[in-house]
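Visitor: I would like to see how this sequence folds:
(one chain, ligands or ions: 1)
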Amino acid sequence: MRTIEECLAHAPKRIMLCGHKHPDGDCVGAVMGLYHYLNENSSCTVVPYLETPIESLQFLTEGFPFRSDDGNGEQFDLAIALDASDIERITAGLAAFQQAVEKIVIDHHETNTLFGDRNHVVPDASSTCEVLTALMQEEKIGTDAAAALFTGIVCDSGVFRYDSTTPETLRTAARLIGKGIPFSWIIEHTNVERKYDELKIASAIIHDSVFLPEERFAYAVADLDIQEKYGVFSKDLGNVVTDLNSIADTDAVLFIYWNGERYKGSLRSKSAIDVAAIAASLGGGGHIRAAGFDSDLAPEEIVRAVLEKIRAQREERKA
Ligand SMILES: [Mn+2]
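Guide: From the prediction side, this is the model:
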C-alpha cells in the first residue's frame, strides 16, 4: 500500500477505525489522526472507536464523537485497525471490525498476525503514526490530524530517544511541526507532566525498588496495598517503568503491578537485552526496548523468570 487513498479503492461510504485496548499515545494518535484526515478529505462517514484514553491524551478526543462500545450490529464498508498487532488486542469496535465488508490493518509491530484482508505493517517504523503519515498526502494533513500524528510519534519513540527513531521519524515529525501544531506543549503534556499523586506513588515505588548492579537490572512492584494507600491505580502507573529505566548502569528493568485481576509486567531496556523476547516467553509481546505481559505468577516468581531470561541472553551473546 502506498497511499491512504488506496484504502478507498472500493468507494466505501461508512468507515470505522479502531485501535487496541488501553490505548496509548500512538493508538489514540493514529485513530484520531486518520479520523481527521478522512473527515477532511473524503465524503465518507468515519466513526472512530476507542476506549476512553488516559487523561493526558484526552485533548485528542475531546469534542469528537468517538465510540467505546464494540459496535455490534453496526455495518461498515471498510474497517481499519491501527496499532493493533492482533485481533485479540481490539476491544472498542471489535464486532464492527469483524462485521465490516473489508478489513485493513495498519501497524508497526513485528509480531502483527496480519489479520486484515490487506495488511500494511512496517516493523522498522517508530510508530503506527509514522507509518500512517507516510501514507498521507502532505497537503491534505490539517492541524488536528498533524497534532494527533505527532503525539503518536513522540509517545512511541520516547520523544525520539528509542533506537526505533530513524532519520525518517524526524523528517516526519518535522513535516507535522510545519503544520503549526503546539509541539512543545504536546511533548510536555504527554511525556513530561505528571499528576502530583502519580509522582508521589512513583517515588514510593522507586524507594522500595531493588537494584542489582551485578545483573545490571532493577525492578519494582506495586501491589494493591500501595495503590490503595495513594489512591492511584494501575492505569496511572504507566510512567513508573520509565523512571526505573532512567537508573544508570541498568540494561533492563521490570515493573510489576496488580491491575485488579492479575499481575502485569512491564519491561524496558536500554541496550544489550531484547525485552520483546522475554515478554513473549511469558505470554506477552512488544518491542525490543519496551514490552509487557500478564502473569498468574507471584511477583518474586516473575522476577526470577525474567532474570533467568536476561542471563540466558547474555550467555547466548557471549557464545
Ligand atoms: Mn505503536
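
Visitor: and the residue of this protein nearest the ion?
Guide: Of all residues in the chain, Asp26 sits closest to the ion, at 3.4 Å by Cβ to the ion. Just so you know, the C-beta spots here come from the backbone N, C-alpha and C atoms, and that holds for glycine as well.

Visitor: ok, and for the helix or strand that that residue is a member of, which residues are buried?
Guide: Using DSSP states H and E, Asp26 sits within helix 25-41. Across helix 25-41, burial judged by 16 or more other Cβ atoms under 10 Å covers 25-39, 41.

Visitor: among these, which two are most distant?
Guide: Farthest pair in these (Cβ to Cβ) is Gly25 and Asn41. Separation: 23.3 Å.

Visitor: now do the helices in the stretch 1-150 of the chain.
Guide: All helices of the stretch 1-150 of the chain, identified by DSSP state H, counting those that start in this stretch, fall at 4-7, 25-41, 94-99, 128-135, 143-156.

Visitor: nearest to Ala218, of these?
Guide: Here helix 143-156 is closest among those (Cβ to Cβ), at 23.1 Å.

Visitor: for Leu57, see how far away Ile4 is.
Guide: From Ile4 across to Leu57, the span is 22 Å (Cβ to Cβ, to the nearest Å).

Visitor: nope, Glu102 is what I was after
Guide: 28 Å.

Visitor: neighbour count for the two, which is higher?
Guide: More crowded of Glu102 and Leu57, by other Cβ atoms under 10 Å: Leu57, with 24 against 17.

Visitor: for that one, what are its contacts?
Guide: Pro23, Asp24, Gly25, Val28, Thr151, Thr190 (Cβ atoms under 8 Å, 6 or more residues apart in numbering).

Visitor: could you list the domains of the chain?
Guide: Using automatic domain parsing, the domains assigned to the chain come out as 4-192, 196-318.

Visitor: hey, which of those domains is tucked in deepest?
Guide: Highest mean neighbour count among those (mean count of other Cβ atoms under 10 Å): domain 4-192, with a mean of 20.

Visitor: give me the mean pLDDT for that domain.
Guide: In this model, domain 4-192 has an average pLDDT of 96.

Visitor: just the terminal-to-terminal distance for that domain.
Guide: This stretch, domain 4-192, spans 32 Å end to end (Cα to Cα, to the nearest Å).

Visitor: for it, the distance to its chain's centre please.
Guide: 11 Å (Cα atoms, centre = their mean, to the nearest Å).

Visitor: so the closest residue to Ala290 other than its chain neighbours: helix, strand or coil?
Guide: Nearest residue to Ala290, sequence neighbours excluded (Cβ to Cβ, 6 or more residues apart in numbering): Arg268, at 5.5 Å. Classification of Arg268 using DSSP: H, G, I helix; E, B strand; the rest coil returns strand.

Visitor: dump the residue contacts of Arg268.
Guide: Arg268 neighbours (Cβ under 8 Å, 6+ apart): Val241, Thr242, Leu244, Asn245, Ala252, Val253, Val275, Arg289, Ala290.

Visitor: and those residues as JSON lines, adding secondary structure?
Guide: Formatted as JSON lines, the contacts of Arg268 follow (three-state DSSP):
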{"residue": "Val241", "secondary structure": "helix"}
{"residue": "Thr242", "secondary structure": "helix"}
{"residue": "Leu244", "secondary structure": "helix"}
{"residue": "Asn245", "secondary structure": "helix"}
{"residue": "Ala252", "secondary structure": "strand"}
{"residue": "Val253", "secondary structure": "strand"}
{"residue": "Val275", "secondary structure": "helix"}
{"residue": "Arg289", "secondary structure": "coil"}
{"residue": "Ala290", "secondary structure": "strand"}
